[in-house]
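[1] This is the structure alone, sequence omitted:
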């Protein structure tokens, strides 16, 4: 028994003797301050351009002049809102029959000096419509929507947006009264805008 105690004491004693060194090591480690991490600069978003996808809200591009003439005719006015345009789109989707819903889109990218003033002008392109502010989505900027009547009957909801790079207008045309257009408007805007890189 004495041998066992002696051996156990012999093993524990060096461990106890080393505790001050271990404590000193832990204290010195704890007191060592990590090098400060330099602040990260916010990433600059890529410039954006507009394009016309093959479908919008499940509707294909319309190839008839009767429906595409109007959004295309607004292109020059939109281009004047962005300084030197980097892209411009004007097209119609859906409307395959007289009673089918349609979406008309017109937009331009470049440099928008005053998004709020630009948006006010853009929203008048389909005639006077009383609008209210709506969510502009993740891309940001300002957006408004309003409801009225189409020239040949039916209902038309107009939504427009403007930010520092792009501006545009979306017209939803239907034979039936329309509900809140915000979700469809944001889907259309996200489909039209693409980063250049």
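    Nice, I can see it. No experiment lies behind these values; they were computed from the predicted model shown.

[2] so who does the residue nearest to the spatial centre of the chain touch?
    Nearest to the mean C-alpha position of the chain, by CA atoms, centre = their mean, lies residue 139 at 2.8 Å. By CB atoms under 8 Å, 6 or more residues apart in numbering, the contact set of residue 139 is 48, 163, 189, 190, 193. All C-beta spots, glycine's among them, are computed from the backbone N, C-alpha and C.

[3] how close does the last one sit to residue 127?
    Here the distance between residue 193 and residue 127 works out to 25 Å (CB to CB, to the nearest Å).

[4] Those two: which has the busier surroundings?
    Taking other CB atoms under 10 Å, residue 193 and residue 127 do not tie; residue 193 has more neighbours (22 against 11).

[5] do you know how far that one is from residue 147?
    For residue 193 relative to residue 147 (CB to CB), the value is 24 Å.

[6] Can you verify residue 168 is assigned to a helix?
    No: counting by DSSP: H, G, I helix; E, B strand; the rest coil, residue 168 falls outside a helix, being strand.

[7] partners of it in the sheet?
    residue 107, residue 161 (DSSP bridges).

[8] any idea how far residue 156 is from it?
    16 Å.

[9] Just want to know which of these two has more residues nearby.
    Neighbour count, other CB under 10 Å: between residue 168 and residue 156, residue 168 has more, with 28 against 20.

[10] Next up, the contacts around the more buried one.
    Residue 168 neighbours (CB under 8 Å, 6+ apart): 50, 78, 89, 105, 106, 107, 108, 122, 160, 161, 189, 192.

[11] Below-threshold pLDDT in the protein: ranges please.
    Within the chain, the stretches with pLDDT under 70 are 1-45, 152, 197.

[12] how about a cut-off of 90?
    Applying pLDDT under 90 to the chain picks out residues 1-47, 64-66, 96-99, 127-129, 148-154, 177-178, 195-197.

[13] any idea where the helices of it begin and end?
    2-31, 65-73, 75-79, 115-122, 182-192 (DSSP state H).

[14] what helices or strands is the third one leaning on?
    The reference is to helix 75-79. strand 87-94, strand 102-109, strand 166-174 (3 or more CB pairs under 8 Å, 6 or more residues apart in numbering; DSSP states H and E).

[15] change it to 6 Å
    If you count contacts as 3 or more CB pairs under 6 Å, 6 or more residues apart in numbering; DSSP states H and E, helix 75-79 packs onto strand 87-94, strand 102-109.

[16] tell me the most buried of these?
    Mean neighbour count (mean count of other CB atoms under 10 Å) peaks for strand 102-109 among these, with a mean of 26.
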